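Asker: Predicted model and sequence follow; I will ask about them next.
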Amino acid sequence: MASLTHWGTIDGREITFPMTVDSFNGATLGFTVPLDAATNLLPGEAFEVIETAPSMAQFIISICDYRENPWGDYNEFNLGFLARPAGASADVVGSFIYRMPVDQEFTCEAGNKVMGFPKVVTRIDAEYTDDRVSFQLWDQGEVALGVALPRVPNGAINQVESTSYSYLDGVAFATSLAMEMSSSATDAADVELTIGSGPIADELRSLGLPTVPDFCMWGEGLSATFQMGERV
C-alpha cells in the first residue's frame, strides 16, 4: 500500500493524500467554442487555452455526483477548457478549471485550502429517473445552467490520468488525478442544455452556448484518486 501524506486537519477531519473517491456518478460534455472567448475567462497568465482547431478551443463541463468521498457526498460542476501551462510543449494537455461550484461547505474549504481549486458553495440539484438524469446549477438564487441526458448503462471502464489547473486568489495550482470514465457515449441530440441567468450564465453565452455538445459521456459507480495540489 502506498504511503499517505498527512496534510493536517480541517474541522477535526484528517486530510491525507492520495485522496481516493470510491464511488461517484459523472457526466463529461465537450463543446467547440471560440478561442478568444475562452481565453477571456482565464484570470491570469500562467496557463494557456489549447487551440484545438483554427481559432477554436474545447470547453468542458464535468458534473460529479459524489457518493463515497472522504470529503462528503456532494454534487459538483467543473467548468473549464483544455489547457496547458504557458509555454509548455504541445504534448502537455490538461484541463483548466475556472469555476468549480459545489453544494457542501467542507469540500469547499478543503478544496480551497489544500488543492487550490476555485470552489464556492451554491445550490446544485440532481434528479434521477430510470432512464434519465438531470442537474441544475444555481447562481445568485437563479438557475444558471441545466443539463439533462440519458442514463445509459456503463460501457468499458477506462482509467484516465490528467492534470487539473486552477487559480485561487491569484495563485496558480496544478493537481494530478486518475479517474475512471465509462466509454458509454450518449447521443448528443438527446442532451438538453439550458442557460438561465446570472454571471455564470452570461459567461456560458459568451462562449456561444447553448449548443449541441461534440460529445457526452455518462458513468455510474466510478472511482478516482487525487494527489495534493501544487503551486505552479
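Answerer: Noted; the coordinates are in hand. Numbers count the residues shown, from 1 in each chain.

Asker: how far does stretch 179-195 stretch from start to finish?
Answerer: 28 Å (CA to CA, to the nearest Å).

Asker: distance between that stretch and the chain's centre?
Answerer: 14 Å (CA atoms, centre = their mean, to the nearest Å).

Asker: Could I get the average pLDDT for it?
Answerer: Averaged across stretch 179-195, pLDDT comes to 94.

Asker: Now it: buried residues?
Answerer: Using 16 or more other CB atoms under 10 Å as the test for burial, stretch 179-195 gives Met179, Glu180, Met181, Ser182, Ser184, Thr186, Ala188, Val191, Leu193, Ile195. C-betas here are computed from N, CA, C, even on glycine.

Asker: again, but for stretch 195-203
Answerer: Ile195, Gly196, Gly198, Ile200, Ala201, Glu203.

Asker: Give me the spatial nearest neighbour of the last one, chain neighbours excluded.
Answerer: Going back to what we said before, that points to Glu203. Leu41 (6.1 Å; CB to CB, 6 or more residues apart in numbering).

Asker: ok, that neighbour touching Phe96?
Answerer: No - the criterion here is CB atoms under 8 Å, and Leu41 misses it with Phe96 at 9.0 Å.

Asker: What is the neighbour count of the residue nearest to Ser206 when sequence neighbours are not counted?
Answerer: Distances taken as CB to CB, 6+ apart place Ala37 nearest to Ser206, at 5.2 Å, with adjacent residues excluded. Look at Ala37: counted by other CB atoms under 10 Å, it has 17 neighbours.

Asker: Likewise for Asp65?
Answerer: Neighbours of Asp65 using other CB under 10 Å come to 19.

Asker: re the thing from before, neighbour-wise, which of Leu41 and Phe96 wins?
Answerer: For the pair Leu41 and Phe96, the greater number of neighbours falls to Phe96 (28 against 19), based on other CB under 10 Å.

Asker: any weak-confidence spans in this protein?
Answerer: 1-2 (pLDDT under 70).

Asker: Tell me the first helix or strand C-terminal of the lengthiest helix in the chain.
Answerer: If you go by DSSP state H, the chain has its longest helix at helix 199-206. Following helix 199-206 in sequence order, the next helix or strand is strand 215-226 (DSSP states H and E).

Asker: what ranges do the helices span in this structure?
Answerer: Under DSSP H, the chain gives helices at 35-39, 105-110, 199-206.

Asker: Can you lay out the ones you listed as a markdown table showing distance to Gly12?
Answerer: Supplementary listing: the helices of the chain in a markdown table, determined by distance: least, CB to CB, whole Å:
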| stretch | distance to Gly12 |
| --- | --- |
| helix 35-39 | 40 |
| helix 105-110 | 11 |
| helix 199-206 | 33 |
